[in-house]
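Enquirer: Below are the sequence and a predicted model; questions follow.
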Amino acid sequence: MVFGDGHPEPGEQQHEWLRAVRAGDRARAERWQERIGGGGGELFIGLRGLCTGGVGRRTGNLGCGGPHAEEGDRDRRRRGIDESDLSAEEDRLKRGFTLIELVVVVVVMALLAALLGPAVAASIERSRVARVVADLRTVEVALEAYRTDHGHYPPVTVSCMAMDAEQVLQLPQELADGEYLPKNTRTKTSTLLEDPFHSGNTYKYAAPEPYWMNGSMQDERYAVWVPSDFPSCQSASGKADDSEGCPMSWAVWSQGPRPDKKKALSNKAPAASITWYRGTGDHGVIGRYKEKDGPSWSTLR
């Protein structure tokens with residue numbers, strides 16, 4: 001029990017003082033306090049939990065429970081500060097990202113996209129080119145098998161109707177019907193073999209053979225552009241040839257990435273080298289063509 005500036009010494013006077021405190025006799029307790037030697041200090045009488053460090057009524061800076069009570073207050077104050085900090089951190093986490101944090105995330109993502117975007121796009125383009133090269137060899141096998149069975153190559157498909165523009169020069173329906181290529185029963189395209197650069201459409205096919213016009217077979221043969229230096233095809237000059245002696249038997253091609261009128265959509269495609277795709281980042285046709293009674297050639301050289 002702390003009373004005054006120190007602890008009372010054992011003895012009868014201390015017991016009398018303690019009995020006065022327990023009886024609630026303030027005047028008597030103060031008299032015994034003076035006799036004990038604690039005069040000059042102010043009295044703290046604990047109304048509850050005497051000598052146990054409980055909360056009491058304070059009349060000065062000293063009292064029952066003494067340093068234990070003060071240490072408890074300090075400990076509670078320390079805990080209060082820590083709990084406040086923890087509560088603030090939990091509130092911040094519950095609120096989520098701040099505006100500055102979101103801006104930082106967006107900036108970092110934009111930088112990553114700027115750095116990695118071109119590399120990813122180039123990788124996708126190269127994989128599509130590789131697929132085109134493999135698919136065109138598959139089409140070549142189908143065309144040669146058809147010629148072996150029928151004595152000629154399949155007819156060409158053309159149309160003067162704007163609504164059929166995407167189906168012009170698509171792979172022959174005869175190749176799908178004859179099971180030389182897998183048939184597409186879900187869309188208007190003749191076969192499931194689609195151009196990866198022209199989604200929903202097949203590769204293109206042209207040959208100096210009869211052709212379908214708006215669903216009707218024509219008596220004329222389709223004229224294909226043949227460069228004057230065929231089969232090297234480096235010359236910009238040439239002519240459209242539909243004769244039986246045409247030096248080119250057929251041509252199949254993809255319009256390639258980013259087709260435009262100067263190259264992929266030119267009437268000299270795919271035989272003229274000025275229309276060819278040259279590599280990643282370029283545009284133009286990716287094709288394959290065959291000499292009459294000779295080998296086939298790729299436009300990728």
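Expert: That came in fine, so what should we check first?
Enquirer: What is the burial count for the spatially closest residue to residue 219 that is not a sequence neighbour?
Expert: In this structure, residue 219 finds its nearest non-sequential neighbour in residue 210, 7.2 Å apart by C-beta to C-beta, 6 or more residues apart in numbering. Every C-beta, even on glycine, is put in place using the N, C-alpha and C of the backbone. By other C-beta atoms under 10 Å, the residues close to residue 210 number 18.
Enquirer: Over to residue 296?
Expert: When counting by other C-beta under 10 Å, one arrives at 18 neighbours for residue 296.
Enquirer: Please name the nearest non-neighbouring residue to it.
Expert: Spatial nearest neighbour of residue 296, chain neighbours left out: residue 290 (4.2 Å); criterion: C-beta to C-beta, 6+ apart.
Enquirer: if I pick that neighbour, what's in contact with it?
Expert: 140, 248, 249, 250, 251, 296, 297 (C-beta atoms under 8 Å, 6 or more residues apart in numbering).
Enquirer: Can you check which helix is longest in this structure?
Expert: Secondary structure of the chain per DSSP state H: the longest helix is helix 99-150.
Enquirer: so how far is residue 99 from the residue nearest to residue 219?
Expert: In this structure, residue 210 and residue 99 are 69 Å apart, going by C-beta to C-beta, to the nearest Å.
Enquirer: And for residue 197?
Expert: Separation of residue 197 from residue 99 (C-beta to C-beta) stands at 42 Å.
Enquirer: the more surrounded of those two?
Expert: residue 197 (23 against 7).
Enquirer: Am I right that the more buried one sits in a helix?
Expert: No. Assigned with DSSP: H, G, I helix; E, B strand; the rest coil, residue 197 falls outside any helix and is coil.
Enquirer: Quick check, it in contact with residue 257.
Expert: Yes. The pair residue 197 and residue 257 passes the contact test of C-beta atoms under 8 Å, sitting 5.4 Å apart.
Enquirer: between the two, what contacts are shared?
Expert: Common neighbours of residue 197 and residue 257 (C-beta under 8 Å, 6+ apart) are residue 128.
Enquirer: if we can go back for a sec, save the contacts of residue 290 as JSON lines, and put in distance to residue 125, secondary structure and pLDDT too.
Expert: Below are the contacts of residue 290 laid out as JSON lines (distance: C-beta to C-beta, whole Å; DSSP: H, G, I helix; E, B strand; the rest coil; pLDDT from 0 to 100):
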{"residue": "140", "distance to residue 125": "23", "secondary structure": "helix", "pLDDT": "98"}
{"residue": "248", "distance to residue 125": "28", "secondary structure": "strand", "pLDDT": "98"}
{"residue": "249", "distance to residue 125": "30", "secondary structure": "strand", "pLDDT": "98"}
{"residue": "250", "distance to residue 125": "26", "secondary structure": "strand", "pLDDT": "99"}
{"residue": "251", "distance to residue 125": "22", "secondary structure": "strand", "pLDDT": "99"}
{"residue": "296", "distance to residue 125": "24", "secondary structure": "strand", "pLDDT": "98"}
{"residue": "297", "distance to residue 125": "22", "secondary structure": "strand", "pLDDT": "97"}
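Enquirer: Are any of those residues buried, and if so which?
Expert: 140, 248, 249, 250, 251, 296, 297 (16 or more other C-beta atoms under 10 Å).
Enquirer: so how far is residue 180 from the closest residue to residue 227 other than its chain neighbours?
Expert: Closest residue to residue 227 apart from its sequence neighbours, by C-beta to C-beta, 6+ apart: residue 238 at 4.0 Å. From residue 238 over to residue 180 the distance is 30 Å, taken as C-beta to C-beta.
Enquirer: The two: who's more crowded?
Expert: residue 180 (22 against 17).
Enquirer: so what's the more buried one up against?
Expert: 142, 143, 145, 146, 174.
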